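Engineer: any chance you could fold what I've pasted below:
(one chain, ligands or ions: 1)
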Amino acid sequence: MQMFRAHWMAPWFNHPFIASELTPRGVVLHLKRERHALEWHELSAPPKLVKGRRLYRLHLYCAQGDIELGWLSKAVAESLHEAVTLGWFRFQAARILPLAEQCLSVLELGYLRQSRWQALQQLLTQAILPGQTSVEHSGTGRERFAWTALTPPPGLSDRETAAIGLIATLISADERWREQCCDDYCQQMLADFSEVFDSLEAHPLTEAQRLACVVDEDHNLVLAGAGCGKTSVMTARAAFLVASGQARPDELLLLAFGNEAAVEMAERLADQPSTATVKTSTFHALGLMILASSNGKTPSLSPLAQQENTRIQAFALWLEQLCAEDEAYSQQLHDWLRRHRFQVVPQPDYRRVAREWAPLVSALKLVGEPEPADLTPALAEQLNLVLPLLHRYQHTLAEQEHIDFDDMIEQATELVRQGRFVVPWRYILVDEFQDISAPRAALLQALRDAKPELSLFCVGDDWQAIYRFSGADVTLTTRFADYFGASRITRLDKTFRFNNQIEQVASRFVQRNPEQLPKTLNTHSRSNSPCVHVLPVDSNSQLDAISRLLGQIAAEQAEVSVYVLARFRFSLPDNAQLAAWHKRFPTLKIAVQTLHGAKGKEADHVIMLGLCRGKYGFPPEQNATGLLDLLLPEVETFPHAEERRLFYVGLTRARQQVFLLADQQIPSPFVKELTGGGYPGVSRWAG
Ligand SMILES: Nc1ncnc2c1ncn2[C@@H]1O[C@H](COP(=O)(O)OP(=O)(O)OP(=O)(O)O)[C@@H](O)[C@H]1O
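Structural biologist: The predicted structure follows:
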């Protein structure tokens, strides 16, 4: 052991310190009459060299009281200082090395998500100084140094220096530092995987699309306008995660609402060998799968749930039975229908009532009865008439040991919460997120809670939220972070579908509702003249007007697609008419769709019909708040908010032109708004 001796005159002046030596455990002080061993952990800071006029002192910060070693020559003092400093740092480095390694393994996971950031802070708090990770601590604690102020001495290994540096950095790191780490990660990924983003689709992805693919917060929401390539981003993110080694294909799950969308996504993933085995599913299929794998048997789905027609038929039969069995019920139903719906001659149209009340039964089942205080007498009467239907429905399901889709999602959520389903996925990607309902969002939350490190990636457009009537809650999108917690929202701002003229009209129209999230959309294609045309037509001559339009389109362009869209299915041309058009205009690809059915699709030209006022107009007129309104997610304050979005969906299906067939006598208020000024991109079509 090297001995560091005090000046030989020290004892003459009654100074107790004679020498010190360093051991692996600390410093041993040789005093006049005793030896005193100070272990490294008792030194609460690196030593300090104090220069005197001729002699030096070494100040040792000790937990039990500081000690000063005096009477040191300059040379001895400096080498003792160096040796104690090195020993102290080595001790600290050894102490924090496991912590540094733990922190490093969190950092190496990739994007510094908020959950990872919290994990880091927890590690630091627990390991460094219970309750004190701040740089500026007072000096009264066990440790009296600031990690950030430490300068590791030469002589430490690279690993020791790096560990101390990392801990010092993490202790002083703030939210800005975290964001910088996230940005660095994104830039690195964008550079490393640019080839994937260049070659994955027929077209290279835009910068915004790429960024949306690599951002990897705990919860991610990609907000985009129509035609901004949300589907491309979904599949590209899957490919990126696999290519970057962050997930195996079987750790990814892509969720869609409808079968058609799920199949389309599966087909696009299958185009790439790396993503061919990624699982795509609808929410329903997912629920079924969770129930089957947790309970060991596939649940029996009620035919009442699977086929709308069967359900309506059953409800109509139950209504008829209720009337036959219970005179009072029959009387009440007749009265209510007479006052609020249509003539009951000679008996109610049970099927029609069943069709209208089926969504009420589902909503009542899901959310329970509304507060009596919220009900007008008419609504309270209606509720009394609908409740027996709900009871029969529930009774039938129980008797036949069947479940419906709502039961399935609810039971699946419960099984996941109870830990009875082993979640295999680390990344769940959800398409058309604006259509999500609270129970489905709860299932996502349960999956997330059941699997550490599971990240949600949701792609949606609050401007296209059109399923409130079936329980969708757009506020899950507009208040995404409030619901899910740590989130990052990215935006896609370039649409590839329609031109600037359509964009101008559609964006202005939808943003009249101030509740919609503001977005700016740039368009890939441009046109100098208006592309949204209003054609005033007589309600009986809509088909002739469409035929004329198709003729004009066919004369000008070959091989283009045309969508004929309407608010209600019954307003659409029938199959015979469609077949006639196909025959007459063989170069056109013509399809008819309801506006809800056209969601997610595109055509070169869109013709919208049924644009009139009235109960079956667009927007459909409703006299007062209905029972369904009370049961569905939060009523929006802006009039016809959802119908406005549906109109937006219609406008934005078109790549080139939109033709609006407006009823000449009772035009739709939406069309009146477009032609009433403030929409320079709208023209009156002369034909
Ligand atoms: N980077 C790109 N370059 C060129 N075309 C693109 C790009 N990204 C997407 N597209 C094209 O834009 C069109 C719209 O894409 P997609 O259907 O994915 O949009 P979307 O955002 O899902 O639209 P919507 O919400 O209206 O359904 C498609 O024809 C697609 O091929």
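Engineer: now do the closest residue to E432 other than its chain neighbours, the pLDDT please.
Structural biologist: Sequence neighbours aside, F257 is the residue nearest to E432 in space, at 5.5 Å (criterion: CB to CB, 6 or more residues apart in numbering). Where you see a C-beta, it was placed from the backbone N, CA and C, and this is true even at glycine. We have a pLDDT of 89 for F257.
Engineer: how many residues are close by F257?
Structural biologist: F257 has 23 neighbours, counted by other CB atoms under 10 Å.
Engineer: please name the residues that touch F89.
Structural biologist: P46, L150, P152, P153, L156, E160, I164 (CB atoms under 8 Å, 6 or more residues apart in numbering).
Engineer: could you break this structure into its assigned domains?
Structural biologist: For the chain, whose domains are defined here by automatic domain parsing, the residue ranges read 3-88, 95-180, 207-301+406-492, 319-400, 497-684.
Engineer: in the stretch 401-550 of the chain, what residue is nearest the ligand?
Structural biologist: F496 (3.2 Å; CB to the nearest ligand atom).
Engineer: checking that residue next. Helix, strand or coil?
Structural biologist: Using DSSP: H, G, I helix; E, B strand; the rest coil as the criterion, the local structure at F496 reads strand.
Engineer: spatially, what comes nearest to it if we skip its sequence neighbours?
Structural biologist: Closest residue to F496 apart from its sequence neighbours, by CB to CB, 6+ apart: H524 at 4.7 Å.
Engineer: lowest-confidence helix or strand of the chain?
Structural biologist: Lowest on mean pLDDT, DSSP states H and E among the helices and strands of the chain sits helix 627-631, with a mean of 76.
Engineer: that one packs against which elements?
Structural biologist: Judged by 3 or more CB pairs under 8 Å, 6 or more residues apart in numbering; DSSP states H and E, helix 627-631 is in contact with helix 350-367, helix 377-399.
Engineer: list the contacts of the shortest one.
Structural biologist: Helix 350-367 is contacted by residues 308, 311-313, 315-317, 319-320, 333, 337, 341-342, 386-387, 389-390, 393-394, 406, 439, 469-471, 627-628, 631-632 when judged by CB under 8 Å, 6+ apart.
Engineer: hmm, try it at 7 Å
Structural biologist: Residues outside helix 350-367 that contact it (CB atoms under 7 Å, 6 or more residues apart in numbering) are 311-312, 315-316, 319-320, 337, 386, 389-390, 393, 406, 439, 469, 471, 627-628, 631-632.
Engineer: just the buried subset of the residues you listed, please.
Structural biologist: 311-312, 315-316, 319-320, 337, 386, 389-390, 393, 406, 439, 471, 627-628, 631-632 (16 or more other CB atoms under 10 Å).
Engineer: count the residues that sit near M9.
Structural biologist: Per other CB under 10 Å, the neighbour tally for M9 reads 10.
Engineer: so which helix or strand takes in it?
Structural biologist: Taking DSSP states H and E as the definition, M9 sits outside all helices and strands.
Engineer: flag every residue of the stretch 151-300 of the chain that's near the ligand.
Structural biologist: H203, L205, T206, Q209, A224, A226, G227, C228, G229, K230, T231, S232 (CB under 6 Å from any ligand atom).
Engineer: and if we set it to 5 Å?
Structural biologist: Residues of the stretch 151-300 of the chain lying close to the ligand (CB under 5 Å from any ligand atom) are H203, L205, T206, A226, G227, C228, G229, K230, T231, S232.
Engineer: next: the chain.
Structural biologist: For the chain, the residues in contact with the ligand (CB under 5 Å from any ligand atom) are 203, 205-206, 226-232, 496-497, 600.
Engineer: top of those by neighbour count?
Structural biologist: Neighbour max across those (other CB under 10 Å) = C228, 28 neighbours.
Engineer: excluding sequence neighbours, find me the nearest residue to that one.
Structural biologist: L492 (3.9 Å).
Engineer: ok, now how distant is that neighbour from M9?
Structural biologist: 80 Å (CB to CB, to the nearest Å).
Engineer: any stretches of the stretch 401-550 of the chain with poor pLDDT?
Structural biologist: Nowhere does the stretch 401-550 of the chain drop to pLDDT under 70.
Engineer: winner for burial among the helices and strands packed on helix 627-631?
Structural biologist: Counting by mean count of other CB atoms under 10 Å, helix 350-367 has the highest mean neighbour count of the helices and strands packed on helix 627-631, with a mean of 19.
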